[in-house]
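Asks: with the input below, show me the fold.
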Amino acid sequence: MIPQSFIQDLLNRVDIVDVVERYVPLKRAGANYVACCPFHTEKSPSFTVSQTKQFYHCFGCGAHGTAIGFMIEYSGMGFIDAVKDLAQIAGMQVPETKFEKPRNKTEEGDDLHEVMLKAAQYYRQQLKSTPRAIEYLKKRGLSGEIAKEFGIGYAPAAWQNLQAAFTDYNAKSLVAAGLVIQGDEGKRYDRFRDRIVFPIVDTRGHIIGFGGRVLDQGEPKYLNSPETALFEKGRELYGLYQGRRAIRDAGCVIVVEGYMDVVALAQHGVGYAVATLGTATTPTHVQKLLRQSEQVVFCFDGDNAGRRAAWRALENSLEQLVDGKQLSFLFLPQGEDPDTYVRQFGKDAFEKQLREAKPLSQFLLDELKSQVD
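Replies: Take a look at the predicted model:
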């Protein structure tokens with residue numbers, strides 16, 4: 001629990017104008033600052049930031065709060081992360097309670113965020129020196145620029161590659177971070193081997209996990225980090241950090257099934273897609289998405305598995321819906337996914353499909369009717 005006195009001191013030290021202006025361009029209007037609201041679509045500015053009163057208010061949608069509230073609403077992060085982010089800006093140290101161990105620290109004091117960053121840097125270097133992996137990405141239509149933007153790397157095929165990145169391969173932090181598996185008789189080996197590696201980034205820009213995709217026909221096709229002190233699959237969305245600005249600009253966020261779908265869409269100018277991480281869409285996912293955008297489109301394969309995934313998304317969305325928010329469902333033609341579709345038909349054709357997505361109410365009625373029939 002962060003003391004209330006610290007929170008108040010933090011709010012006294014930060015200037016909400018500086019905080020908001022990191023994300024939203026503001027214009028001076030008398031004693032206040034104004035902008036088009038980042039929380040709903042509008043043409044005339046109704047979003048006001050008061051330097052005197054240290055709060056923001058939108059006369060269009062009613063959004064209102066302090067600098068902490070803005071960070072939560074704009075970035076989709078939790079309260080504690082918002083406080084920590086602002087404290088870092090203000091040069092303040094967030095007090096830890098006597099019995100609280102920071103989630104990103106191991107018992108030995110190793111910082112798991114630093115461990116994950118070091119692994120990501122190693123995987124990036126391996127990609128640059130592995131023609132086979134580079135050729136795979138090129139065949140999927142991905143450029144070096146998009147690979148850099150998403151931090152895509154490559155984990156070589158050997159069993160203990162990370163020995164080259166970490167001086168102590170036996171450190172507990174490698175297991176705690178999900179990078180290394182402790183096998184029988186104490187033998188260790190890398191979790192990700194001979195895979196394209198996609199870093200999973202939280203709303204603060206920290207690497208918290210990885211997804212790995214085989215280059216050939218091995219199984220499983222996708223392999224995710226296990227749940228750790230940093231990583232909870234039911235809370236995180238791949239691509240949300242990279243796509244947050246495009247999501248704001250589009251007023252829409254697309255939920256797809258795989259990493260390659262997100263990256264391929266971004267490559268073709270559709271930068272407002274995210275993916276769940278090998279799990280069904282959860283209420284927490286929906287809450288995060290609705291904080292980011294007025295419209296959420298779930299885009300699944302048109303087969304039975306895709307329709308089941310869409311139905312679970314619908315079930316977990318109903319209690320999260322509020323006025324002014326819209327949920328839709330898009331099923332691509334049989335045999336297509338967002339990756340293959342956008343590569344074959346392009347951005348305009350994909351966005352035309354988006355505009356024809358079924359509203360939640362229509363999808364619900366169609367599914368209930370099909371069950372009766």
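Asks: for F70, list the residues it contacts.
Replies: I16, V19, V20, Y56 (Cβ atoms under 8 Å, 6 or more residues apart in numbering). Where C-beta positions appear, they are placed from N, C-alpha and C, glycine not excepted.
Asks: nearest residue to the residue positioned nearest the centre of the chain other than its sequence neighbours?
Replies: Note on the chain: the residue nearest the mean C-alpha position is L240, at 3.0 Å, using Cα atoms, centre = their mean. The spatial neighbour of L240 that comes closest, neighbours along the chain excluded (Cβ to Cβ, 6 or more residues apart in numbering), is V274 at 4.9 Å.
Asks: what does V201 give?
Replies: Y241 is the one closest to V201 (Cβ to Cβ, 6+ apart), at 4.4 Å.
Asks: am I right that that neighbour is in a helix?
Replies: Yes - applying DSSP: H, G, I helix; E, B strand; the rest coil, one finds Y241 inside a helix.
Asks: is it true that it touches D202?
Replies: Yes - the pair Y241 / D202 is scored as a contact, 6.9 Å apart, by Cβ atoms under 8 Å.
Asks: wait, what's in contact with the residue nearest to the centre of the chain?
Replies: G76, T203, I247, V274, K288, Q292.
Asks: report the separation between it and F231.
Replies: To F231, L240 is 14 Å away according to Cβ to Cβ, to the nearest Å.
Asks: before we move on, what about S143?
Replies: Distance of S143 to F231, computed by Cβ to Cβ: 28 Å.
Asks: more neighbours, these two?
Replies: F231 (22 against 11; other Cβ atoms under 10 Å).
Asks: who's in contact with R195?
Replies: R195 neighbours (Cβ under 8 Å, 6+ apart): Y154, A155, G212, R213, V214, L215, L223.
Asks: how about it, phi and psi?
Replies: Torsion angles at R195 (phi, psi; degrees, to the nearest 10) stand at phi -140, psi 150.
Asks: quick one: it and T203, what's the gap?
Replies: 25 Å.
Asks: repeat for Q217
Replies: Q217 is 35 Å from T203, by Cβ to Cβ.
Asks: more neighbours: the two, which one.
Replies: T203 (23 against 6).
Asks: list the contacts of that one.
Replies: So T203 contacts S75, G76, M77, D81, L240, Y241, R244 (Cβ under 8 Å, 6+ apart).
Asks: next up, the contacts around the fourth one.
Replies: Read it as D81. Contact partners of D81, counting by Cβ under 8 Å, 6+ apart, are D202, T203, R204.
Asks: for it, what are phi and psi?
Replies: The phi/psi pair for D81 (degrees, to the nearest 10) reads phi -60, psi -40.
Asks: how much space between it and G269?
Replies: From D81 across to G269, the span is 30 Å (Cβ to Cβ).
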